[in-house]
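Q: Sequence plus predicted model, see below.
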Amino acid sequence: MTSLRERKKAKTRAAIRDHAMRLFEEQGFAATTVDQIADAAEVSPSTFFRYFPTKEDVVLIDDVDAVLVVAIRAQPAGVEPIQAILLAMRDVFADLSPEAWEFEQRRQRLFHSVPELRARVMHQMTDAIDLLAGVIAERAGLPPGDFSARVMAGAAVGAMLSVVPSGGLPAEGVTPADHERLERALTLLQQGLPLG
């Protein structure tokens, strides 16, 4: 059970994020300032920066990644790495509330439409590879920096990226069809990349 303090922090973080997203959509990302976001969320700019290191991080910090890693770890020990990722993704996305799903769609539409965010997303792919590589190595009993685990994680992230249309996301953002294509991409990967 979460404490009152943790719930208050989560509520403040959500308010900052909600107001920021609304302002980004109304005014544009570049035209929205941290001061405007803080004012709308009724917090100080310094409070904003305690929750988000930069304005870009309001959009780019992905709350799903940590949940996905926990779900991958929770898969049975004998499950192959790509299958564990697939099963974990099914679990995580099936459990997303309609509000969380809508937020994810808004977030993805925004970072696909703002060039400076898109550039940072591409840079963050190395973080995603590191995150997945760590959990893949851990599940396989390999050392944390194992090269084969990193290659497999990179291939999985590449498969995930291949699902995004080259022109960016459509206006409706990420859809269930995107997750079906993602599953197909990971299944194709699973059929040809050994670990070890």
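A: That came through, no problem.
Q: and the next element down the chain from the helix or strand where D35 lies?
A: Using DSSP states H and E, D35 sits within helix 34-41. Per DSSP H and E, the first helix or strand lying C-terminal to helix 34-41 is helix 45-51.
Q: what's in contact with that next one?
A: The contact list for helix 45-51 (C-beta atoms under 8 Å, 6 or more residues apart in numbering) reads 12-13, 16, 34-35, 37-38, 41. For glycine as for every other residue, the C-beta is placed from the backbone atoms N, C-alpha and C.
Q: could you say what helices and strands the longest helix along the chain packs with?
A: For the chain, the helix with the greatest residue count under DSSP state H is helix 115-140. With contacts defined as 3 or more C-beta pairs under 8 Å, 6 or more residues apart in numbering; DSSP states H and E, helix 115-140 has these neighbours: helix 55-60, helix 63-73, helix 81-94, helix 98-113, helix 147-162.
Q: any idea which of those helices scores lowest on pLDDT?
A: Per-stretch mean pLDDT for those is lowest at helix 98-113 (a mean of 82).
Q: helices or strands next to it in the packing?
A: Secondary-structure packing of helix 98-113 (3+ C-beta pairs under 8 Å, 6+ apart): helix 4-27, helix 55-60, helix 115-140.
Q: Could you check how far the last one is from the centre of its chain?
A: Between the centre of helix 115-140 and the centre of its host chain there is 9 Å, according to C-alpha atoms, centre = their mean, to the nearest Å.
Q: Can you tell me how far the most centrally placed residue in the chain is from V151?
A: The centre of the chain sits closest to D62, judged by C-alpha atoms, centre = their mean, with a distance of 3.6 Å. Distance of D62 to V151, computed by C-beta to C-beta, to the nearest Å: 22 Å.
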